[in-house]
Each structure stands twice: as structure tokens, then as C-alpha cells.
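>>> Here you go, sequence then predicted model.
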Amino acid sequence: MILFPVIMPVSQDAPVRTSARVKAQRLASRQALKVCAGKCGAPDSGWEKNEQEVPQPNEGFFWSVSHKRSWAAAVIADRAVGIDVEEIQPRENQAVFDELACAQEWGVVGGKDWDHFFRIWTAKEATLKANGKGIGAFSACVVRSMLDDKHLTLRFEGDDWLVEHFYHDNHIISVTAVGDDIRWQVEADDRDTL
């Protein structure tokens, strides 16, 4: 299947860290989902989550969304799929490196730095979303190999997952991509022209 992960700008009208901004982020992720549905022939409505907030299949299509302060992302596939977006921004707490991955995983990606941190974070998050799991399962999701600067393979519950990365505006977006042709779509960012 051809995947069309859609990256959508989030309105910056509401102040950061407010419920209005979170609402804008969720709206942008749903708008990205609608654009994605149009590109892959999926329904434009009926995208629901269960009580645990896990996205439910819709007419044979699986889906995933993610959002941060500035960007939201969505993807739809014919099998379980996950997507995650993060801003590449250093943190004060260096302990997060060891909480995210073991020494062997850091060795696979070339060592501990913030670019690698967010690459692993988003890859694990996308893989866990594809499996209906939360970040509490990070340690069970293991980086196995780095194929190139855009692809990692991870192992989770006995299965290998290929993850593709896309970089945009100091953000990294990762999507599970087992055997798929990925065609990233960045929607126009007209926030500066308003």
C-alpha cells in the first residue's frame, strides 16, 4: 500500500500550554487525518478511539495521529500503523537517555545525542501505537538496526517493525512502514501570512 503521512501546521492563536492550544493541536491532527483519508481512498468520517484511547479500524483501514505545539501528523494504512511527531529540542535531564534505550540500542544509532534520542523516541512511539500500547512499554520495544539515516528496525513482542523518519522544521516524524511506499505530505504552512 502507498502511505501518505500528512503533516499539518497547528494554529498558533492560543497561548502555549493551555487547553485552547491542545484543542488546536487535536484539530490539526484530525484535519491531517481527513487529508490523509482523501489521498488513500479511506472514509472521511468514523475515526473513533476505544475507552483506552486506542484508534479503532474504520472499514478495514487503520490509523494513527500525533501532535506537538507546532505540527500534527496522521497516517492511514490497510494494517496496524503508528505515527509520532516530536520537536528536536534538548532537555535538561540527561537521565532520559538511559530511560529511553539501553547501551546496545545507543550503539546501533551511533551514540547518545538529542537527534538520536528523538529518532529512537518517535520510532518506539510509532511502533507502540501500531500495537495499541503506550509509552510504558518503551523498554520492551528494542532498536535492532539502523538501515540508513531515514530507517530503523525495532523488535516488539516478537515482531520486527520498520520505521521511516521524516524531518521538517526542527521536528522528526516517524511512521511504521513495513513494506510500504511512503509519500510524505506537508500541508502549506500559512501561519506567518495571517
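Everything's here; your move. Numbering: from 1, shown residues only.
>>> Residue 46 sits in which helix or strand?
Secondary structure here is read from DSSP states H and E; on that basis residue 46 sits in neither a helix nor a strand.
>>> Just list the residues touching the closest residue to it other than its chain neighbours, thanks.
Setting aside the residues directly before and after it, residue 46 is nearest to residue 58 in space (CB to CB, 6 or more residues apart in numbering), at 4.7 Å. From N, CA and C alone the C-beta is placed, and that goes for glycine too. Residues in contact with residue 58, defined by CB atoms under 8 Å, 6 or more residues apart in numbering, are 42, 43, 46, 47, 48.
>>> ok, of those residues, which one's closest to residue 114?
Sorting the contacts of residue 58 by distance to residue 114 puts residue 47 at the head of the list, at 32.7 Å, by CB to CB.
>>> The closest one - how many residues pack around it?
Residue 47 has 20 neighbouring residues, counting by other CB atoms under 10 Å.
>>> I'd say it and residue 57 touch.
No: in this structure, residue 47 is not within contact of residue 57 by CB atoms under 8 Å, at 9.7 Å.
>>> So which elements touch the lengthiest strand in the chain?
Ordering each strand of the chain by length in residues (DSSP state E) puts strand 159-168 first. When contacts are defined as 3 or more CB pairs under 8 Å, 6 or more residues apart in numbering; DSSP states H and E, strand 159-168 packs onto helix 114-130, strand 151-156, strand 171-176.
>>> Which stretches in this protein count as helices?
Ranges of helices in the chain, per DSSP state H, are 19-40, 96-100, 103-109, 114-130.
>>> Check the residue nearest to residue 77 when sequence neighbours are not counted and give its pLDDT.
The spatially closest residue to residue 77, leaving aside those adjacent along the chain, is residue 62, at 5.3 Å (CB to CB, 6+ apart). Reported pLDDT at residue 62 in the predicted model: 97.
>>> Burial check on residue 62, number of neighbours?
Neighbouring residues of residue 62 were enumerated by other CB under 10 Å; the total is 19.
>>> Repeat that for residue 107.
Residue 107 sits with 13 neighbouring residues when counted by other CB under 10 Å.
>>> Relative to residue 31, how far out is it?
Using CB to CB, to the nearest Å, one obtains 40 Å as the distance from residue 107 to residue 31.
>>> on that earlier part again, could you list the residues in contact with the longest strand of the chain?
With CB under 8 Å, 6+ apart as the contact definition, strand 159-168 has outside contacts at 5, 7, 71, 119, 122-123, 126-127, 130, 144, 147, 149-155, 172-179, 182, 184, 186.
>>> Just the buried residues out of the residues you listed, in ChimeraX syntax.
Applying 16 or more other CB atoms under 10 Å to the contacts of strand 159-168, the buried members can be selected in ChimeraX as follows:
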select :5,7,71,119,122,123,126,127,130,151,152,153,154,172,173,174,175,176,177,178,184,186
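>>> how close does the residue nearest the centre of the chain get to residue 46?
Among the residues of the chain, the smallest C-alpha distance to the mean C-alpha position (CA atoms, centre = their mean) belongs to residue 84, namely 1.3 Å. Per CB to CB, residue 84 is found 23 Å from residue 46.
>>> Lovely, talk soon.
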